[in-house]
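Chemist: Structure for the following, please:
(chains A and B, ligands or ions: 1)
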Amino acid sequence: MIPVTVDCRLVWRKAPPREVMIPEGTTIDGFLDAIGEGALRGQALLAIDRQICNPDRVVRAGETVMLLPVMCGG
Amino acid sequence: MQRILRINTATREIVDTPVAGDQLLLGGRAMTSGFLLREVPAACHPLGPFNKIIFAVGPLAGTLVSSANRLSVGAKSPLTGGIKESNAGGMLAYKLGRLGLRAVILEGRPAEGDAWQILHIDARGVRLTHAPPELAGVGVYEKSRVLFAKYGARAGLALIGPAGEQRLLCAGVTCTDPEGIPSRYSGRGGLGAVLASKGIMAVVVDDSAAPKEKMADQAAFAAGLRQVAALIAATPQTSEVYRKFGTSAMLSTTNALGALPVRNFSRGTFEKAGSIDGSALYNAIIERGGEGNPSHGCMRGCLIKCSNIFPGKDGKAVVSPLEYESIGLLGSNCGIGDLDAIARLNHACNDMGVDTIDTGAAIAVAMEAGLAPFGDAEFAEKAVKGIISGEILSRVIGSGAEMTGKILGQYRVPTAKGQSMAAYDPRSVKGTGVTYATSAMGADHTAGNTTRLQVKQTEKQGQVGNAKKAQAGIMLLDSLGLCIMLGAAVKDMSLIIGLVNARFGTSFTLAEAETLAARALDDERSFNRKAGLGPPSDRVAEFFYLEKNPDSGGIYDFTPEDFLELTGGR
Ligand code: SF4
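Modeler: The predicted structure is shown next:
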């Protein structure tokens, strides 16, 4: 297991960044399930270093994963 | 029976024809673009007798299927010189649909100096009548008040403001919402100027005597309606998030990604984002109470209700809706970080009848040119309100960023095909950047926005394909008269096609709809090619290729060859 930080910027659920443990080798695609937030699939975009990541990007120890709302513009 | 009305504004001849065959399946944008390609000489002057302005609705207009009553307005654009379609909510499409009208086509051009006309449509027929003379030069809020007093509260209106009357390049056409507020804009591309060139100040549609419609298969239609409602209720975005925060929730995403336009697209992250984002907007509406409402439906039957009514500190409504793109362009892009100031500006734009996106971009260009410092909300409001008295600077700004940049000798003008970008920096959300360059519509996020995708947005690879898919998807929605928000809940459009079949007794398939939508995209490119906007015009403003966005690190690095996958070089 490796430590990463979750920075939740979902407009309906803002929270201070928190540290969580995830299995080594977890990809962006599997990240929400790994932190027990599978229900957010389709509602959150995952970004690291201010960049939305490709689904196959592996999350590395010490990184901060930002959760951003999936929205439509008007 | 579904029909199409043609009105020649020069001869006043009115022709009513039935809709047949394929035309029953798609309406909206596919219909406006198809008619324009077939009937309008692409090289014509946009304000001349050969251009046409077309109002078209989707196949479910007039029913209570949620979010299925968008109105498409199409014409050759005076802003871009190319084909244009701009769609909006409001009540007009619902009322046209109840009267069995799929499209209304306005042709010809009345003699210069002829009195303004009102086009009045109801169950008894169509009439062109003189507009009350006191309406000339008046803002849309007062115009609609007078028109409702004359035609009754059951009417729906589409109208132009002073900007349209002056034929400014960013003049829009606004439709009234269920409460009669003229706030749902087909804002992009200067279509209000085209409507004005036909001598029409307002279209009044009264469906109060419309006959009750009998569906071909009432039971199947009712079941489909319930299924759409159930999907909306079961999808958190449509049942909770959009309803509470509306489109403004987008701001925290773009700000975090360095994709929010800030001070004339010089940055992607705004230091005052926390004061103007979705939470700030929602909290202000809730705390102030009064006439404010975070969950407002812009049309009958909408169950999502992403629209809002933004109140002032006294609880009185200031503007409805206050949306992400308006906040981005009139707010952060002008360095304005105060929701109250942005709401007042938005109201002023609505009242004058100009597009908030291009107007915001134009104000920022003027600020960069030194006419006022960034953040000067007073300058911005005065510049917009000056349209009513024909102030020269106001007319320039109401003619959009491209014109403002030319007159003020500016290099950094954030446009493509003469139209300003919406609130997504093309260097930071590259898929949307591809759409800005390649869409026949010019820099229009609604033509294929990719911000929702879980992909590295600053990476070039794959973005042309992403944009292509997004453009095809949105064409289908636009041609079915659907609001994009519905797409979050209804992923399989077969459900919608099933509703169309239940209504008309047809047996269309989704594949047929997709084929027709793809053809409509081709139609649009064909029109533009004939208008002189072929592949060489598929690019964004030069500075995006040279300046990195300092917050996302992205630069616009697409070549004409990159776009071949999407355009086929046509
Ligand atoms: S979801 Fe929003 S924009 Fe779409 S129809 Fe409903 S209120 Fe209008």
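Chemist: In three-state terms, label the closest residue to B:E565 other than its chain neighbours for me.
Modeler: Setting aside the residues directly before and after it, B:E565 is nearest to B:V464 in space (C-beta to C-beta, 6 or more residues apart in numbering or on different chains), at 4.9 Å. Every C-beta, even on glycine, is put in place using the N, C-alpha and C of the backbone. With DSSP: H, G, I helix; E, B strand; the rest coil as the basis, the three-state label of B:V464 is helix.
Chemist: Identify the residues contacting B:V464.
Modeler: B:434, B:558, B:562-563, B:565-566 (C-beta atoms under 8 Å, 6 or more residues apart in numbering or on different chains).
Chemist: swap the cut-off to 6 Å and go again
Modeler: Neighbour list for B:V464: B:434, B:562, B:565-566 [criterion: C-beta atoms under 6 Å, 6 or more residues apart in numbering or on different chains].
Chemist: And the pLDDT at it?
Modeler: Per-residue pLDDT puts B:V464 at 97.
Chemist: Please tell me how far it sits from B:Y94.
Modeler: 37 Å (C-beta to C-beta, to the nearest Å).
Chemist: so where's chain A uncertain?
Modeler: Along chain A, the model assigns pLDDT under 70 to residues A:72-74.
Chemist: can you name the farthest residue from the center of chain B?
Modeler: Relative to the centre of chain B, and counting by C-alpha atoms, centre = their mean, the farthest-placed residue is B:A219 at 34.0 Å.
Chemist: Need phi/psi at it.
Modeler: Phi and psi for B:A219, reported as degrees, to the nearest 10, are phi -70, psi -40.
Chemist: go on, B:G89?
Modeler: Per degrees, to the nearest 10, the backbone of B:G89 is at phi -80, psi -150.
Chemist: so what's it up against?
Modeler: By C-beta under 6 Å, 6+ apart, B:G89 lies in contact with B:184, B:298-299.
Chemist: In CSV: those, plus secondary structure, pLDDT and neighbour count.
Modeler: Converted to CSV, the contacts of B:G89 look like this (DSSP: H, G, I helix; E, B strand; the rest coil; pLDDT from 0 to 100; neighbours: other C-beta atoms under 10 Å in any protein chain shown):
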residue, secondary structure, pLDDT, neighbour count
B:R184, strand, 97, 28
B:C298, coil, 97, 28
B:M299, coil, 97, 26
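Chemist: Can I get those in a markdown table including distance to chain A?
Modeler: Below are the contacts of B:G89 laid out as a markdown table (distance: C-beta to the nearest C-beta, whole Å):
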| residue | distance to chain A |
| --- | --- |
| B:R184 | 10 |
| B:C298 | 10 |
| B:M299 | 14 |
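Chemist: Which residues of chain B lie near the ligand?
Modeler: B:67, B:89, B:297-299, B:302, B:304-307, B:483, B:485 (C-beta under 6 Å from any ligand atom).
Chemist: Out of those, list just those in strands.
Modeler: B:S307 (DSSP state E).
Chemist: Name the member of the residues of chain B next to the ligand with the most neighbours.
Modeler: Neighbour counts for the residues of chain B next to the ligand (other C-beta atoms under 10 Å in any protein chain shown) peak at B:C306, which has 31 neighbours.
Chemist: and the gap between that residue and B:A470?
Modeler: For B:C306, the distance to B:A470 - C-beta to C-beta - is 19 Å.
Chemist: And B:E240, by the same measure?
Modeler: Applying C-beta to C-beta to B:E240 and B:A470 gives a distance of 25 Å.
Chemist: Same drill for these two, tell me which one is more crowded.
Modeler: B:A470 (23 against 14).
Chemist: Could you double-check that that one sits in contact with B:T451?
Modeler: No: B:A470 lies out of contact with B:T451 (C-beta atoms under 6 Å); the separation is 9.6 Å.
Chemist: Pull the contacting residues for A:M21.
Modeler: Going by C-beta under 6 Å, 6+ apart, A:M21 touches A:1, A:3.
Chemist: Walk me through which strands the strand or helix carrying it pairs with, and which way each runs.
Modeler: If you go by DSSP states H and E, A:M21 is part of strand A:18-22. Partner strands and pairing direction for strand A:18-22 (DSSP bridges) are strand A:2-8 (antiparallel).
Chemist: Run through who's touching the partner strand.
Modeler: Contacting residues not belonging to strand A:2-8 are listed as A:15, A:17-22, A:24, A:59, A:61, A:63-67 [C-beta under 6 Å, 6+ apart].
Chemist: okay, that strand in PDB with CA atoms only?
Modeler: Extracted in PDB, the C-alpha atoms of strand A:2-8 (Å, rounded to 0.1, in the frame of the first residue of the first chain):
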ATOM      1  CA  ILE A   2       1.200   3.600  -0.700                       C
ATOM      2  CA  PRO A   3       0.000   6.900   0.700                       C
ATOM      3  CA  VAL A   4      -1.600   9.500  -1.500                       C
ATOM      4  CA  THR A   5      -3.600  12.600  -0.800                       C
ATOM      5  CA  VAL A   6      -7.200  13.100  -1.900                       C
ATOM      6  CA  ASP A   7      -8.100  16.800  -2.500                       C
ATOM      7  CA  CYS A   8     -11.900  16.800  -3.000                       C
END
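Chemist: For stretch A:45-56, buried residues please.
Modeler: For stretch A:45-56, a neighbour-count test (16 or more other C-beta atoms under 10 Å in any protein chain shown) marks A:45-48, A:50-54 as buried.
Chemist: Nearest to the ligand among these?
Modeler: The ligand lies nearest to A:L45 out of the buried residues of stretch A:45-56, by C-beta to the nearest ligand atom, at 20.2 Å.
Chemist: Kindly indicate whether the closest one is helix, strand or coil.
Modeler: Going by three-state DSSP: A:L45 is strand.
Chemist: picking that back up, nearest to the ligand, of the contacts of B:G89?
Modeler: Using C-beta to the nearest ligand atom, the contacts of B:G89 come closest to the ligand at B:C298, 3.4 Å.
Chemist: Which residue, neighbours along the chain excluded, lies closest to that closest one?
Modeler: In this structure, B:C298 finds its nearest non-sequential neighbour in B:G89, 3.5 Å apart by C-beta to C-beta, 6+ apart.
Chemist: On the pLDDT front, check the one you found for me.
Modeler: According to the model, B:G89 carries a pLDDT of 97.
Chemist: can you map out the helices along the stretch 351-500 of chain B?
Modeler: Assigned by DSSP state H, counting those that start in this stretch, the helices in the stretch 351-500 of chain B fall at B:356-368, B:377-385, B:392-397, B:400-407, B:430-438, B:463-479, B:494-504.
Chemist: Out of those, the one nearest A:I28 is which?
Modeler: Nearest to A:I28 among the helices of the stretch 351-500 of chain B is helix B:463-479; the distance by C-beta to C-beta comes to 16.4 Å.
Chemist: Which one of the residues of chain B next to the ligand is nearest to B:P78?
Modeler: Ranked by distance to B:P78 (C-beta to C-beta), the residues of chain B next to the ligand are led by B:G89 at 23.9 Å.
Chemist: residues contacting the residue in the stretch 451-570 of chain B that the ligand sits nearest to?
Modeler: Residue nearest to the ligand within the stretch 451-570 of chain B (C-beta to the nearest ligand atom): B:C483, separated by 3.2 Å. Listed by C-beta under 6 Å, 6+ apart, the contact set of B:C483 reads B:67, B:70.
Chemist: And it, its phi and psi?
Modeler: Per degrees, to the nearest 10, the backbone of B:C483 is at phi -80, psi 140.
Chemist: separation between it and A:E37?
Modeler: For B:C483, the distance to A:E37 - C-beta to C-beta - is 28 Å.
Chemist: Repeat that for A:P23.
Modeler: In terms of C-beta to C-beta, A:P23 sits 15 Å off from A:E37.
Chemist: again with A:R13
Modeler: Counting by C-beta to C-beta - A:R13 and A:E37 are separated by 10 Å.
Chemist: Quick check: phi and psi at the closest residue to B:G481 other than its chain neighbours.
Modeler: Excluding the flanking residues, the one nearest B:G481 by C-beta to C-beta, 6+ apart is B:G58, at 1.7 Å. Backbone torsions of B:G58, given as degrees, to the nearest 10, read phi -80, psi 170.
Chemist: dump the residue contacts of B:G58.
Modeler: B:27-28, B:480-481.
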